[in-house]
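> Predicted model, plus sequence, below.
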Amino acid sequence: MTEFRNESPYPMVSIEEAQRCINALCAPLGVEKIASLYAAGRVLGESVSASEDVPDSPRSAMDGYAVRADDGVAERRVQGAITAGGDAAIVVTPGTAVRIMTGAPVPPGADAVIIVEQTEERDGVLRVHQSPWSGDNIHVVGQDIARGAEALAAGTVLGAPEIGLLATLGQTQARVYRRPRVAVLATGDEVVEPDAPHASGEVRDSNRYALLAAVREAGCDPISLGIVRDDVSLQRAAVLRGLAEADVLLTSGGVSMGSHDLIKPILAELGDVHFGRVAFKPGKPTTFATVNGKLVFGLPGYPVSSLVSFEVFVRPALRRLQGDTTPERPRVRVVLEEMIRPSRDRPEYQRVIVYWCEGWLVARSTGAQGSSRLLSLRGANGLLIAPPSEQPYPKGAELEAMLTGMIKPC
């Protein structure tokens with residue numbers, strides 16, 4: 001006989017309380033050294049300073065002629081040419097010039113470069129159309145990076161420019177925070193593999209697939225633990241296996257109030273449950289625990305609740321574990337394209353499309369907001385944060401939204 005508990009043993013906490021609790025237990029994992037070529041998306045574990053000036057000698061910023069500015073517009077005799085990587089052995093004396101390419105070292109005696117478009121050369125004689133200023137078109141020593149200057153701070157997320165900067169400094173190895181290993185476990189007698197035959201009442205395991213993709217997108221290494229039936233010994237064994245293999249464990253389902261909801265009692269037995277209910281929608285039964293110092297998130301079984309809870313609570317924690325100093329998604333003020341109905345008793349994260357329109361950020365609902373309707377997340381690039389209210393929010397009202405993707409055009 002199925003039995004239901006009338007009251008949860010876990011007090012309801014606010015979103016802010018839950019986030020503070022998680023943050024207090026999130027510290028970056030250890031630092032490892034990897035090849036800079038493969039460091040895109042990783043978080044730098046230590047600051048990087050320049051061991052030399054860049055450039056290390058004056059260089060031409062343009063194709064043209066290296067000259068003495070004091071010669072003004074007088075004709076000059078061209079003594080030769082210097083290419084990038086060449087030797088600046090030719091000395092520029094009064095009345096002379098040297099043909100020079102972009103990036104080539106500026107020869108001794110020259111203090112300006114006249115761009116080729118402002119000159120005319122015939123029979124080795126250079127005529128200039130405009131008198132140069134000293135320093136024109138010359139990159140001075142240390143102009144890009146001065147010796148000893150910090151080029152990249154610890155906590156920097158490495159992208160293409162940062163990796164190029166490491167190469168500029170001769171850094172072919174980067175010390176970065178380790179990626180968290182994150183295990184994902186689906187629970188429930190009714191849950192089956194997506195490609196398996198299923199009977200009426202059974203559901204395909206979309207949550208594990210979606211969460212594994214979300215874990216990978218957050219920069220972590222995902223581990224699939226498969227599906228476990230509603231059996232205490234089986235689920236306990238799966239939880240322990242996940243904790244042995246990973247830094248973080250995510251479970252899907254089994255955290256509500258039914259007799260087959262076993263995850264919370266198992267986590268309470270193995271470690272500490274820090275909260276078991278959150279005053280937000282969708283995802284009230286979201287659970288957070290630690291077992292032997294490792295983080296465990298018990299996420300709801302409804303697909304939308306699972307992914308929204310991941311965005312609000314899990315993703316920032318995963319980013320913190322890998323050293324990200326700005327782990328939160330950006331938040332913006334948006335104007336409602338249409339009236340929306342909020343929850344009466346809890347803040348609700350509604351799925352929306354945020355786009356620019358005539359200088360305003362506008363939020364368009366993705367339709368019905370049911371917790372089981374994954375279509376409400378398709379194409380969404382934001383979560384509209386609707387405070388609880390007895391009244392609808394009208395078209396044109398301004399609310400806050402958390403951006404989960406790129407802002408779209410009108």
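Arrived safely, thanks for sending.
> mind listing the helices for the stretch 201-350 of the chain?
206-217, 232-245, 263-270, 303-309, 315-321 (DSSP state H, counting those that start in this stretch).
> how about those, which one is nearest E46?
With CB to CB, the closest approach to E46 among those belongs to helix 315-321: 17.0 Å. C-beta coordinates here come from the backbone N, C-alpha and C atoms, glycine included.
> what helix or strand does R77 sit in?
Counting by DSSP states H and E, the element that carries R77 is strand 76-82.
> hmm, back to that, and the helices of the stretch 201-350 of the chain, which is most packed in?
Highest mean neighbour count among those (mean count of other CB atoms under 10 Å): helix 303-309, with a mean of 26.
> for that one, packing partners?
On a contact count with 3 or more CB pairs under 8 Å, 6 or more residues apart in numbering; DSSP states H and E, helix 303-309 meets helix 206-217, strand 294-299, strand 348-357.
> can you put those in CSV and add distance to P9 and mean pLDDT?
Listed next are those as CSV, based on distance: least, CB to CB, whole Å; pLDDT from 0 to 100:
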stretch, distance to P9, mean pLDDT
helix 206-217, 25, 96
strand 294-299, 14, 97
strand 348-357, 25, 96
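> Next one, pLDDT for the residue nearest to L321 when sequence neighbours are not counted please.
In this structure, L321 finds its nearest non-sequential neighbour in P180, 4.5 Å apart by CB to CB, 6 or more residues apart in numbering. We have a pLDDT of 98 for P180.
> What does P180 show for phi and psi?
P180 adopts backbone torsions of phi -70, psi 140, taken as degrees, to the nearest 10.
> what's it in contact with, if anything?
L29, C220, D221, A246, D247, V248, L318, L321, Q322 (CB atoms under 8 Å, 6 or more residues apart in numbering).
> let's see it at 7 Å
L29, C220, D247, V248, L318, L321, Q322 (CB atoms under 7 Å, 6 or more residues apart in numbering).
> Could you measure from it over to V273?
P180 sits 21 Å away from V273, going by CB to CB, to the nearest Å.
> Can you get me a residue count around V362?
V362 has 19 neighbours, counted by other CB atoms under 10 Å.
> all strands in the stretch 1-150 of the chain, in order from the N-terminus.
In the stretch 1-150 of the chain, the strands defined using DSSP state E, counting those that start in this stretch lie at 12-13, 31-35, 48-49, 59-60, 64-67, 76-82, 96-100, 112-115, 119-122, 125-128, 138-139, 150-152.
> Show residues contacting stretch 286-297.
18, 21-22, 25, 243, 247-250, 255, 263-264, 267, 270-276, 278, 298-300, 309, 313-314, 317.
> CA-only coordinates of it in PDB, if you can.
Written as PDB, here are the backbone C-alpha positions of stretch 286-297 (Å, rounded to 0.1, in the frame of the first residue of the first chain):
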ATOM      1  CA  THR A 286      15.400  20.300  -4.700                       C
ATOM      2  CA  THR A 287      17.800  18.900  -2.100                       C
ATOM      3  CA  PHE A 288      21.400  19.600  -1.300                       C
ATOM      4  CA  ALA A 289      23.700  17.400   0.800                       C
ATOM      5  CA  THR A 290      27.300  16.600   1.400                       C
ATOM      6  CA  VAL A 291      28.700  13.100   1.800                       C
ATOM      7  CA  ASN A 292      32.400  12.900   2.900                       C
ATOM      8  CA  GLY A 293      32.900  16.400   1.700                       C
ATOM      9  CA  LYS A 294      31.400  15.900  -1.800                       C
ATOM     10  CA  LEU A 295      28.400  17.800  -3.100                       C
ATOM     11  CA  VAL A 296      25.200  16.000  -3.800                       C
ATOM     12  CA  PHE A 297      22.200  17.600  -5.500                       C
END
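> In that stretch, which residues are buried?
Using 16 or more other CB atoms under 10 Å as the test for burial, stretch 286-297 gives T286, T287, F288, A289, T290, V291, K294, L295, V296, F297.
> ok, so of these, who is nearest L212?
Taking CB to CB as the measure, L212 sits nearest to F297 out of those, at 13.9 Å.
> And that closest one, how close does it get to L126?
F297 is 71 Å from L126, by CB to CB.
> so which strand or helix has L165?
Assigned by DSSP H and E, L165 falls within helix 160-168.
> Okay, buried residues for that helix please.
Those would be E162, I163, L165, L166, for helix 160-168 by 16+ other CB under 10 Å.
> Could I get the contacting residues of the closest residue to the third one other than its chain neighbours?
Closest residue in space to L165, ignoring its immediate chain neighbours: A151 at 5.7 Å, by CB to CB, 6+ apart. With contact set as CB under 7 Å, 6+ apart, A151 has these partners: V48, S49, A50, I145, L165, L169.
> ok, so of the buried residues of helix 160-168, who is nearest E400?
Checking the buried residues of helix 160-168 against E400 by CB to CB gives E162 as the nearest, at 30.5 Å.
> Is that closest one in contact with L152, as I believe?
Yes - with contacts counted by CB atoms under 7 Å, E162 reaches L152, the gap being 5.9 Å.
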